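> Got a predicted model here, sequence first, then my questions.
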Amino acid sequence: MRKIIWFALSVTLSANLVFAQSDTISQYKLTTAMIPMRDGVKLFTSILTPINATISVPILLQRTPYGATLSPNFSPLNVSYSSAMAREGYIFVMQDIRGKYKSEGTMQIHQPLTHNTQKDGVDESTDTWDTIDWLIKNTTNNNGKAGIFGISYPGWLALVGSVDPHPALKASSEQACMGDLFLGDDFHHNGAFRLSYGMEYSYEVEFDKTTDSDFPFPQFDLYDWYLKLGSLKNVNEKYFHNKIPTWNSFVQHPAYDSYWQNNSPLNYVPYPQVPMMHVGGYYDQEDLNGPQLMYGHMEQKDSFNRNYIVLGPWFHGQWSRTRADSLGKISFESNTAAYFQELQKKWFDYWLKGKGDGKFDEATCFQTGSNQWKTYASWPPKEAITMKLYAGPNHTCSFIRPVATSGEVSYVSDPASPVPYRTLPIEATYGAGSRWRPWQVEDQRFVYTRPDVVSFMMDTLTEDLTVTGKLMVHLFASTSGSDADWIIKLIDVYPGFDKKNLLMSGYQFPVAMEAFRGRFRKSFSNPTPLIPNQPEEFVIDLHQVNHTFKKGHRVMMHRNMSPIYLTRRRTILSRPLKKFIFLPDIQPILNCQ
C-alpha cells in the first residue's frame, strides 16, 4: 500500500513530440486548485496542462494520500511511467484525498463506499465524481473524457472511483490495489496479522495528516525490538495511545466480522462499470492478492467484456520504473516495465482518444522461468490441466500418489526463536537501507537448514514443467497448542552447479508463498481454537502464478509454523510448541494448473 507515484522517477526524453516545444519542461503548465466536493470540503489538486497542444486531449487523474504538491518545474515528460503518454498530450491531474496533506476533511485508511446507503453520504467514489465534473468544466482544451489510474493506495482509489462513475470517466486501471485487508492484502493474510507492516504503515498515514510519518524506532535492526514488544496492547499503552484509528481497528476486530466484511471491496465494488485494467505483481510484498481478487470478482459479472488483467514479475509498483529487468538476483532478461508502459499507453489511448483497434487480450501474464510474455483468453486459463503434488517419505514430493498409507514429520517451534520471514537485519519497512521490496524472491537457503522448517523435494526435472494458474495447498497437521500461523512456500531449486550462472547454483527461488492462521480453518468470521494433537486439514490459497521450472531444476515445498503467542490482552503461549505434519496419501499437498 506504500506510495508509488507516477512523478517520482526520471527518464531521458526522446524527440518527436506532437506539439511544439522549446525545452523539456515548458511543455506542461502547472496550476493548482481547491476543488469543492458536494459537502463543501475542498480538495487540493495539481493540474498539468500541455502547452501548444494542437488538439483537445483527455484528462488522466490520480488521487493519493501521499501528497499531490508538485515542484514548479515538474514535467510528466521526465517520468518513465507517464512520458510516452505525455509526449502525445494528456492533462495530468494529481489530487490529495480528503483529510491528507493540503486537502480539507478527515481520513481513515480504506473506508467502504457509503453513498448508496447513507443519505448525503460522501466517499472516494463521490469525491472522484465531483473532481471529474469540475475538471471537465474548468480545464481548457480537454476532450470531455477522463481516465483514472494509480498504484497501491492510489490503485484502490482508481478501483472505487470507477464505481457509479461520472459519465466522462471512460477507463480505469487499478494497479496493486488493496483488496480484502483481512483475507489477503497488506495487514492480514488469511487472518495472520502482519505486525511490523500493520504498525508502521498505519502510523505513517494516520499520525499526521500533513505528511508521511516514520515511527521513531530506537534501533536499526528491528527483529529483537518486535520480539520484545510483548502483547499487542503494548502498542497503544506505550506508543500510539489510541491515536491511530486503523491500529485501533486491528485491535478491536481480530476476526472477519462485519467491520472487515463491510470494508472489503468485494462488498461494494459490483462489476466493471467502465473498462478496467487490473495490474499486479507475482512478488508484490504488499498487495499481491488485490488485483487477482478484484479481477476474478468483477469478471463474474463482466457482461460487456471490459475487464482485463496484467500480471508481471514485479515487486510493489516495479512496473512504474525506468527498468524492471530483474528482481533481487532473479533476471527476467528484458525490460518488463517498458513492455507494460507501452501496453498502458495503448489502453488509455484507445478508451480516451479513440486510437487503435481496441483489441486487448483478456490476460497478459509474464511467465517466469522461461521469461516470456504470454496472453490468454481467460484467467486462469481454462485449458490448464490440474495436477496434484503429493508429499512422500524421506522428505520427497511427486506427482505420483505415494504407496504408503500414512506418515508424519514432527518438529518443535519455539516462540523465543521464530523463523524470520527474511534475512536479518529487519530494517524499518520504509527506512534507510530497507530491503523490503525484493524479499519475496530471497534465496530460501537461509531457513532451509533450520530444524523447525520442513521441506519436500522432487527429483531433478528431466524436462521443463510449467505451472500456470491457481495454487491450492492441502496441509494436514496438528500442534500441541491452540493456534499457529502456518507458512507454505513453493520453491524452484536451481541446479547445484549452474554453469550458466555459477553464483545462482543451488538458489532456492520462492515462486509462491502464503500464511494461514490456524483458528480460521473452518471460518474466518467464527474462529475456533485448534484441538491439541488432533490432525486437521488446512486449505491454503497460494494465489496465481505463471512459472516454468526448467529442466535440471527441482520443485520443493517448505512448511514452517509460528506459534501465536501475542494477542490483544494476554500471552497464551511462552514455551516451545511441538508440532506434527501428517502426510496421508489420500489428498495432495498441492493442486496446481
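Arrived safely, thanks for sending. Residues are numbered from 1 along each chain as shown.
> list the contacts for W134?
W134 makes contacts with 33, 35-36, as judged by C-beta atoms under 8 Å, 6 or more residues apart in numbering. Every residue, glycine included, has its C-beta placed from N, CA and C.
> I figured H166 was touching W129, is that so?
Yes - the pair H166 / W129 is scored as a contact, 4.6 Å apart, by C-beta atoms under 8 Å.
> Could you identify which of the contacts of W134 has the most neighbours?
Using other C-beta atoms under 10 Å as the neighbour criterion, I35 leads the contacts of W134 with 22 neighbours.
> who does whichever strand or helix holds it pair up with?
Per DSSP states H and E, I35 falls inside strand 28-36. Strand pairing for strand 28-36, using DSSP bridges, gives strand 42-50 (antiparallel).
> What helices and strands are in contact with the following helix or strand past the partner strand?
Scanning forward in sequence from strand 42-50 by DSSP H and E, the next helix or strand is strand 57-64. Counting contacts by 3 or more C-beta pairs under 8 Å, 6 or more residues apart in numbering; DSSP states H and E, strand 57-64 is packed against strand 91-96, helix 124-138, strand 142-151, helix 153-160.
> Partner strands of strand 57-64 and their direction?
Partners of strand 57-64 in the sheet, by DSSP bridges, are strand 91-96 (parallel), strand 142-151 (parallel).
> could you give me the average pLDDT of it?
Regarding strand 57-64, the rounded mean pLDDT is 98.
> Out of the strands paired with strand 57-64, the one nearest Q27 is which?
Taking C-beta to C-beta, strand 91-96 is the member of the strands paired with strand 57-64 nearest to Q27, at 11.5 Å.
> quick one: P393 and P402 touch, right?
Yes - applying C-beta under 8 Å as the test, P393 and P402 come out as touching, 7.0 Å apart.
> and those two? which has more neighbours close in?
Shown here are P393 and P402; by other C-beta under 10 Å, P402 has more neighbours (17 against 12).
> tally of neighbours for L43?
When neighbours are defined as other C-beta under 10 Å, L43 has 26 of them.
> likewise H110?
H110: 21 surrounding residues under other C-beta under 10 Å.
> next one: Y282
24.
> Angles on the backbone of it, please.
Backbone torsions for Y282, taken as degrees, to the nearest 10, come to phi -60, psi -20.
> and what of the one 10 residues further on?
In this entry, Q292 is assigned phi and psi values of phi -60, psi -40 (degrees, to the nearest 10).
> I'd guessed it sits against G280; true?
Yes - contact criterion C-beta under 8 Å: Q292 and G280 qualify, at 6.0 Å.
> who touches both of the two?
Residues touching both Q292 and G280 by C-beta under 8 Å, 6+ apart: 309, 311.
> So the two - more neighbours on which side?
Neighbours of Q292 and G280, each counted by other C-beta under 10 Å, are more numerous for G280; the result is 30 against 24.
> Identify the residue spatially nearest to that one, adjacent ones excluded.
Among residues not flanking G280 along the chain, P291 sits closest, at 3.2 Å (C-beta to C-beta, 6 or more residues apart in numbering).
> my read: that neighbour touches N307, true?
No - counting by C-beta under 8 Å, P291 does not reach N307; the two are 11.5 Å apart.
> The two: which has the busier surroundings?
Neighbour count, other C-beta under 10 Å: between P291 and N307, P291 has more, with 27 against 22.
> Could I get the phi/psi values of the more buried one?
Main-chain dihedrals, P291, degrees, to the nearest 10: phi -60, psi -40.
> ok, now how distant is it from P72?
In this view, P291 and P72 are 35 Å apart by C-beta to C-beta, to the nearest Å.
> Over to Y376?
Distance of Y376 to P72, given as C-beta to C-beta: 45 Å.
> Neighbour count: these two, which is higher?
When Y376 and P72 are compared for neighbours, Y376 comes out ahead with 19 against 6, by other C-beta under 10 Å.
> now the protein, which segments are flagged as low pLDDT?
Scanning the chain with the threshold set as pLDDT under 70 gives 1-26, 404-405, 562-593.
> Can you show me the helices along it?
Ranges of helices in the chain, per DSSP state H, are 80-88, 124-138, 153-160, 195-206, 223-227, 233-235, 245-252, 258-263, 265-268, 289-299, 336-348, 445-448.
> contacting residues around the fourth one?
Put plainly, it is helix 195-206. With C-beta under 8 Å, 6+ apart, helix 195-206 has contacts from 1-2, 65, 100, 107-109, 186-188, 212-215, 222, 226, 229, 232, 235, 240, 244-247, 250, 286, 426, 428-430, 566.
> what residue lies at the spatial centre of this protein?
D287 (1.4 Å; C-alpha atoms, centre = their mean).
> wait, isn't that one in contact with D186?
Yes - with contacts counted by C-beta under 8 Å, D287 reaches D186, the gap being 6.4 Å.
> what about the helices of the chain, which gets the closest to L542?
Among the helices of the chain, helix 289-299 comes nearest to L542, with 10.5 Å by C-beta to C-beta.
> Cheers, nothing more for now.
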